[in-house]
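A.B. asks: Make a model of this:
(one chain, ligands or ions: 2)
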Amino acid sequence: MKIFSASKIREADETTISRQGITTGELMERAGTEVFLWLKKRFPDKETVFHVFCGKGNNGGDGLVVARLLHNDNYKVVVDIVEGTGNPSEDFTANFEKLEQNNLACNTNEAYEYKKHKIIFLDAIFGIGLNREVGAEAKEAIQRINNSAVKIISIDVPSGMFMDRKSDIAVHSDMVLTFQFTKLAFYLAGNCNFIKEIKILDIGLDKDFIANEPTQFFLTDRTEAHQRYRPVPAHAHKGTQGHALIIGGSYGKIGAVTLSSKAALKSGCGLVTAYIPKCGYTIVQTAFPEAMVLTGGEEHINTIAFDIEPKAIGIGMGLGQQPETQQAVLEFLKHQKTPMVIDADALNILSYNNEWLNMLPENTILTPHPKELERLMGSWEDDFEKMEKIRAFAKEHKIILVAKDAFTIVACNDRVHINSTGNAGLATGGSGDVLTGIITGLLAQSYSPADAAIFGVYLHGLAADIGVCETSKQAFTASDIINYLGAAYLKIEAEKAQK
Ligand SMILES: NC(=O)C1=CN([C@@H]2O[C@H](COP(=O)(O)OP(=O)(O)OC[C@H]3O[C@@H](n4cnc5c(N)ncnc54)[C@H](O)[C@@H]3O)[C@@H](O)[C@H]2O)[C@H](O)CC1
Ligand SMILES: [K+]
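C.D. replies: Numbers count the residues shown, from 1 in each chain. Ligands and ions are numbered 1, 2, ... in the order given. Have a look, this model is predicted:
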């Protein structure tokens, strides 16, 4: 799904208004109606009290439409107009006048006579138009909302959240009902306390505009994942499904390379060879009998040489950083042409030798966690700068950067793909090793590097989303990601079959 900037969203609005021959007020009515219908379905009990906080811009206008529709449908509605939210917009004013015509009073400050659990706060103070720091009055309203113990639903965006820079204070929403497009700011680590759940409401913006307008940002949702997914051909055999080579491991870290190798095979490739130091030979052969094993070095890898022809290579998991290993990795990378995923210690070795980055074959995939990312490309001030640096870094070195985080980012071909699956259960040792294995396995199956990275990250998160429902987040382990890969594939198959 495309992610547009606030200015592109405004353009989508204007195009829709002109192509569909409607007024801005009619579009606002449509947006408000979608919110109303969603609320009505979710909260059918007419004793529900909706306390609507409205700013004076168009987001507040949406709030007024919702308040009126709820009131006319016999819900209990309280409206507060928040001061210090700019000059009233035309459509805000028009809807404000309609409140009175519908006998709905504002700012009555009535104490609720209702039981607390039936109150919902609707947040319509600011939308995508926030363009300066929030002033005292709006801040007070945001704090009042946040300090309440009731359910908070934001219209379009949590009020106070900037779309293009770091936000200091914003509403902590339980649910954001956002119009037509998801927003980049929703996925940034610094904004994680502001949103629990997102629901995108279709308000009928112009389809051609959406399809044709370019953007650099995408959400890897179900549709994007399905487009990249490649079912196993009916006449496949192990020779056609690709051979993955996983290079890593050192004394005490053979588990990393074992996990990675298993994940590669479970992602669907035909054959897996693990290249490890000798100390791991019996461990890998025993723990993972499906793998073939090659060795180099005793307790750490000191040379990388083989006469097999893998279709993809994953390197770095549990590798260690012994001087001999560093030398072996650099020598190896120098001559590589095979599609490759570079992770963990192999990444660290690269970051001490930054000039080597330009020698990597085009579209090599790098999978750093935040600390490894910082070592590679330096630090960042905030999430927006981080995103920009990731994009520029991938472009400069002609590589694919998979920046692992709560919402993992894949930067490739001057585009940024934000993943939508996964959960805190993935914050567990070895989950990165599994991801590298999955991506390498997909590469071996002839997925393009971009598809392997984007779909691999999605699949990894989906396995965790399915898995934690049965294991809990606490008890979920990296091995569980591998165990639930099958369920993730089946879910994708079932979704595709439903279409
Ligand atoms: N396609 C859509 O998404 C639609 C969106 N709608 C809604 O419209 C808002 C955007 O409306 P806009 O009037 O541009 O902005 P806001 O309501 O977010 O508020 C801007 C308002 O507030 C002033 N302002 C900005 N920052 C501050 C500040 N820190 N302190 C005080 N005042 C501030 C600014 O000058 C404006 O006056 C979008 O989010 C949707 O909710 C349409 O209704 C339907 C289509
Ligand atoms: K809002």
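A.B. asks: quick one: the helices in the stretch 201-350 of the chain?
C.D. replies: 207-212, 222-228, 254-266, 281-287, 323-334, 344-352 (DSSP state H, counting those that start in this stretch).
A.B. asks: Hmm, residue 382 and residue 190 touching each other?
C.D. replies: Yes: if you go by CB atoms under 8 Å, residue 190 and residue 382 touch, sitting 6.4 Å apart. Quick note: C-beta positions are derived from backbone N, CA and C, even for glycine.
A.B. asks: any common contacting residues for the two?
C.D. replies: Common contacts of residue 190 and residue 382 (CB atoms under 8 Å, 6 or more residues apart in numbering): residue 166.
A.B. asks: Of the helices of the stretch 201-350 of the chain, give the one that comes closest to ligand 2.
C.D. replies: Closest approach to ligand 2 among those (CB to the ion): helix 207-212, 22.1 Å.
A.B. asks: The closest one and ligand 1, any residue contact?
C.D. replies: No: Helix 207-212 stays clear of ligand 1 (CB under 6 Å from any ligand atom), getting no nearer than 10.9 Å.
A.B. asks: which parts of that helix are buried?
C.D. replies: 209-210 (16 or more other CB atoms under 10 Å).
A.B. asks: from the middle of its chain, how far away would that helix be?
C.D. replies: Centroid separation for helix 207-212 versus its chain: 23 Å, with CA atoms, centre = their mean, to the nearest Å.
A.B. asks: likewise stretch 214-229?
C.D. replies: 11 Å.
A.B. asks: Convert stretch 101-109 to PDB, retaining C-alpha atoms only.
C.D. replies: The C-alpha trace of stretch 101-109 is given here as PDB (Å, rounded to 0.1, in the frame of the first residue of the first chain):
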ATOM      1  CA  GLN A 101     -29.800  23.100  14.300                       C
ATOM      2  CA  ASN A 102     -29.600  19.600  15.600                       C
ATOM      3  CA  ASN A 103     -30.000  20.600  19.300                       C
ATOM      4  CA  LEU A 104     -26.600  19.500  20.200                       C
ATOM      5  CA  ALA A 105     -24.900  21.900  22.700                       C
ATOM      6  CA  CYS A 106     -21.100  22.300  23.000                       C
ATOM      7  CA  ASN A 107     -18.800  22.900  25.900                       C
ATOM      8  CA  THR A 108     -21.600  22.300  28.400                       C
ATOM      9  CA  ASN A 109     -19.100  20.900  30.900                       C
END
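A.B. asks: any low-confidence regions in the chain?
C.D. replies: Residue ranges of the chain with pLDDT under 70: 109-117.
A.B. asks: hmm, 90 instead?
C.D. replies: The chain contains residues with pLDDT under 90 at 47, 100-118, 149, 233-241, 334-335, 353-356, 358-359, 499.
A.B. asks: Residue numbers of it in contact with ligand 1?
C.D. replies: Contact residues (CB under 6 Å from any ligand atom) of the chain with ligand 1: 9, 13, 27-28, 31, 55, 57-62, 84-87, 89, 126-135, 138, 155-156, 179-180, 205.
A.B. asks: Please flag which of these sit within helices.
C.D. replies: Judged by DSSP state H, the residues of the chain next to ligand 1 include 9, 13, 27-28, 31, 58-62, 138 as members of helices.
A.B. asks: State the distance from residue 80 to ligand 1.
C.D. replies: The gap separating residue 80 from ligand 1 is 15 Å, by CB to the nearest ligand atom, to the nearest Å.
A.B. asks: Tell me the secondary structure at that residue.
C.D. replies: Three-state assignment for residue 80 (DSSP: H, G, I helix; E, B strand; the rest coil): strand.
A.B. asks: For the longest helix belonging to the chain, list every residue counted as buried.
C.D. replies: If you go by DSSP H, the chain has its longest helix at helix 449-471. Neighbour-count burial for helix 449-471 flags 449-468, 471 (criterion: 16+ other CB under 10 Å).
A.B. asks: and the angle from that helix to helix 254-266?
C.D. replies: If you take axes from the mean of the first three to the mean of the last three CA atoms, to 10 degrees, helix 449-471 sits at 110 degrees to helix 254-266.
A.B. asks: How far away from the center of its chain is the helix or strand that helix 449-471 is followed by?
C.D. replies: Per DSSP states H and E, the first helix or strand lying C-terminal to helix 449-471 is helix 478-483. Computed by CA atoms, centre = their mean, the separation of helix 478-483 from the middle of its chain amounts to 20 Å.
A.B. asks: residue contacts, the residue nearest to residue 310 when sequence neighbours are not counted?
C.D. replies: Nearest non-adjacent residue to residue 310, counting by CB to CB, 6 or more residues apart in numbering: residue 245, 3.7 Å away. Counting by CB under 8 Å, 6+ apart, residue 245 makes contact with 272-273, 275, 306, 308, 310, 312-314, 338, 440.
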